[in-house]
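S.K.: Build me a structure from this.
(one chain, ligands or ions: 1)
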Amino acid sequence: MHTLSSLLGVALLAGAASAQVAVWGQCGGIGYSGSTSCASGTTCVKVNDYYSQCQPGSSATTLKTSTTTNTSTSTFTTSPSPSSSAGLNVLAEKSGRYFGSATDNPELTDTAYTAILGDKNEFGIITPGNSMKWDATEPSRGTFTFTGGQQIVDFANANGQAIRGHNLVWHSQLPAWVTSGNFDKATLTSIMQNHITTLVTHWKGQLAQWDVVNEAFNDDGTFRQNVFYTTIGEDYIQIAFETARAADPDVKLCINDYNIEGSGAKATALYNLVSKLKAANAPIDCIGIQGHLIVGEVPSTLQANWAQFASLGVDVAITELDIRMTLPETDALLQQQAKDYATVVAACMNVSRCIGITIWDYTDKYSWVPQTFSGQGDACPWDSNLQKKPAYASIASALSA
Ligand code: G3I
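M.R.: Numbering: from 1, shown residues only. Reported below is the predicted structural model:
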């Protein structure tokens, strides 16, 4: 199992000698010239001719036993796996991918919930839904708080799970001191760089991926007029990636957005941006495709669009998948939802550089959807009583195909 101490060991090793590749990092493939030596507890697994990845050892098929981890910020007790079925992450790992879930700090007191969230057979990677965002980590200038994010890092470490960092630069959940500070270009650039450097350094060697820039585009493909764009210009994106890379040479760096699942103006704009970033040798490793979809309205161009993204020489990851419906739930809607989840998973399975799928929390009990879209919900594969819905079986089957 991947423990906190082994992950910290990776962090220390990464600092001392960068020869060892951290978990989920690239360790081989045509055109790859970096280290092929994986950190302790991980193995270099060939995903395809162009990509091999350091993946956790064979623990995927082992049922977890009870463990307790004490840290400076929190204590977690994990239980044996509640299910004897293979689990979604176990199935995803068979093709060199992962299956993960987002979570949020208030939910971690719900022990029935955490028993499933902490089951590595279901979820190999965890994303903090809020607690690594700017408002949570740097609420006032130069004052950093890592407590909430650390609580989720500790939880994942205690369960041998990897972590996606979310996110470094975003227009939302951005404190007023940033948006209304009237900073000039040089000052805002240095504020952004300081924020990125501080967070990435704090969790250096401990995260598999970071969403460096989130939601940079409007739906029509023009750049979102956030404070970074209007003050620094388009260059804020490249500067953000370069700053993150300087702070952690191994973590995968992603640009993340929604409404780019299928082809369209926004997907084209993102493709063009990443193409430009790659041409400028910017350190971008992955395109994060959020995947907040609607039952019965899944685009038909998923696979073609993701393959086109991947042709730029980046990985693609489905980062926030959920498929909402207009309530009340019916059997027909549940069946359609199951079909739609399978469509998304199959598209990922058919794109060799689609490295994995994260759902934006696994249960309707804690989904963000009802608070945002009135009258809609039930978007997750587990219902609000933590019971598996038809979508669970369809995801499992698509991951096994
Ligand atoms: O922090 C305050 C807390 O102090 C206050 O007591 C409480 C009262 O409602 O609100 C808390 O803030 C909430 C925050 O989540 C933390 O819980 C906000 O009201 C609420 O709007 C916020 O929602 C989050 C949303 O991002 C904000 O944009 C959702 O939980 C989170 O799931 C969602 O995640 C985003 C991704 O980051 C980016 N992609 C879209 C996705 C869904 O919107």
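S.K.: can I assume residue 97 is in contact with residue 357?
M.R.: Yes: at 7.3 Å, residue 97 and residue 357 qualify as touching, with contact defined as C-beta atoms under 8 Å. Glycine gets a C-beta too; all of them are placed from N, C-alpha and C.
S.K.: interface residues of the chain facing the ligand?
M.R.: Applying C-beta under 6 Å from any ligand atom, one finds that the chain approaches the ligand through 129-130, 172-173, 290, 320, 368.
S.K.: and these, which of them are in strands?
M.R.: residue 320 (DSSP state E).
S.K.: For the residues of the chain next to the ligand, give me TSV that also has pLDDT and neighbour count.
M.R.: Output for those, formatted as TSV (pLDDT from 0 to 100; neighbours: other C-beta atoms under 10 Å):
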residue	pLDDT	neighbour count
129	98	20
130	98	18
172	98	11
173	98	12
290	98	21
320	99	24
368	98	19
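S.K.: related to what we said a few turns ago, neighbour count winner among residue 97 and residue 357?
M.R.: residue 357 (30 against 23; other C-beta atoms under 10 Å).
S.K.: which non-adjacent residue is nearest that one?
M.R.: residue 318 (4.3 Å; C-beta to C-beta, 6 or more residues apart in numbering).
S.K.: and the one you found, that's in a strand?
M.R.: Yes: residue state for residue 318 (DSSP: H, G, I helix; E, B strand; the rest coil) corresponds to a strand.
S.K.: Dig out what it forms beta bridges with.
M.R.: For residue 318, the beta-bridge partners are residue 289, residue 357 (DSSP bridges).
S.K.: I'd guessed it sits against residue 291; true?
M.R.: Yes: between residue 318 and residue 291 there is a contact at 4.9 Å, judged by C-beta under 8 Å.
S.K.: Need the overlap of contacts for the two.
M.R.: Counting by C-beta atoms under 8 Å, 6 or more residues apart in numbering, the residues touching both residue 318 and residue 291 are residue 344.
S.K.: Break the protein down into its domains, please.
M.R.: 25-56, 88-400 (the TED database).
S.K.: May I have stretch 274-282 as CSV, with CA atoms only?
M.R.: Written as CSV, here are the backbone C-alpha positions of stretch 274-282 (Å, rounded to 0.1, in the frame of the first residue of the first chain):
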residue,chain,number,x,y,z
VAL,A,274,-2.5,23.9,-26.1
SER,A,275,-1.0,23.6,-29.6
LYS,A,276,0.6,27.1,-29.1
LEU,A,277,1.8,26.2,-25.6
LYS,A,278,3.4,23.0,-26.8
ALA,A,279,5.1,24.9,-29.7
ALA,A,280,6.5,27.4,-27.1
ASN,A,281,7.7,24.4,-25.0
ALA,A,282,5.5,25.3,-22.1
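S.K.: and residue 299, what does it touch?
M.R.: 261-263, 305.
S.K.: what's the answer for residue 221, then?
M.R.: Counting by C-beta under 8 Å, 6+ apart, residue 221 touches 265-266, 268-269.
S.K.: again with residue 301
M.R.: Counted by C-beta under 8 Å, 6+ apart, residue 301 has contacts 262-263.
S.K.: Need the pLDDT of it.
M.R.: pLDDT, residue 301: 98.
S.K.: gap between it and residue 323?
M.R.: Applying C-beta to C-beta, to the nearest Å, the value for residue 301 to residue 323 is 17 Å.
S.K.: same deal with residue 231?
M.R.: Using C-beta to C-beta, residue 231 is found at 37 Å from residue 323.
S.K.: Which one's more surrounded, those two?
M.R.: Shown here are residue 231 and residue 323; by other C-beta under 10 Å, residue 323 has more neighbours (27 against 19).
S.K.: Okay, and the more buried one sits in which element?
M.R.: Applying DSSP states H and E as the criterion places residue 323 in strand 315-326.
S.K.: buried sites along that strand?
M.R.: By neighbour count on 16 or more other C-beta atoms under 10 Å, the buried set for strand 315-326 is 315-325.
S.K.: on contacts alone, who are the packing partners of it?
M.R.: strand 252-257, strand 286-289, strand 292-294, helix 302-310, helix 331-349, strand 354-359, strand 376-377 (3 or more C-beta pairs under 8 Å, 6 or more residues apart in numbering; DSSP states H and E).
S.K.: so what's the nearest residue to residue 114 once chain neighbours are set aside scoring on pLDDT?
M.R.: Leaving aside its chain neighbours, residue 114 sits nearest to residue 108 (5.9 Å; criterion: C-beta to C-beta, 6+ apart). Looking at residue 108, its pLDDT stands at 98.
S.K.: What count of nearby residues applies to residue 108?
M.R.: Counted with other C-beta under 10 Å, residue 108 comes out at 19.
S.K.: where are the low-confidence patches of this structure?
M.R.: 1-18, 22-26, 29-32, 46-84 (pLDDT under 70).
S.K.: leaving aside the residues next to it on the chain, what's closest to the residue of it found nearest the ligand?
M.R.: Nearest residue of the chain to the ligand: residue 368, at 3.7 Å (C-beta to the nearest ligand atom). Spatial nearest neighbour of residue 368, chain neighbours left out: residue 360 (6.7 Å); criterion: C-beta to C-beta, 6+ apart.
S.K.: pretty sure that neighbour is touching residue 100, no?
M.R.: No: contact criterion C-beta under 8 Å: residue 360 and residue 100 do not qualify, at 10.3 Å.
S.K.: Please identify which of these two sits among more neighbours.
M.R.: Neighbours were counted for residue 360 and for residue 100 using other C-beta under 10 Å; residue 100 has more, 29 against 22.
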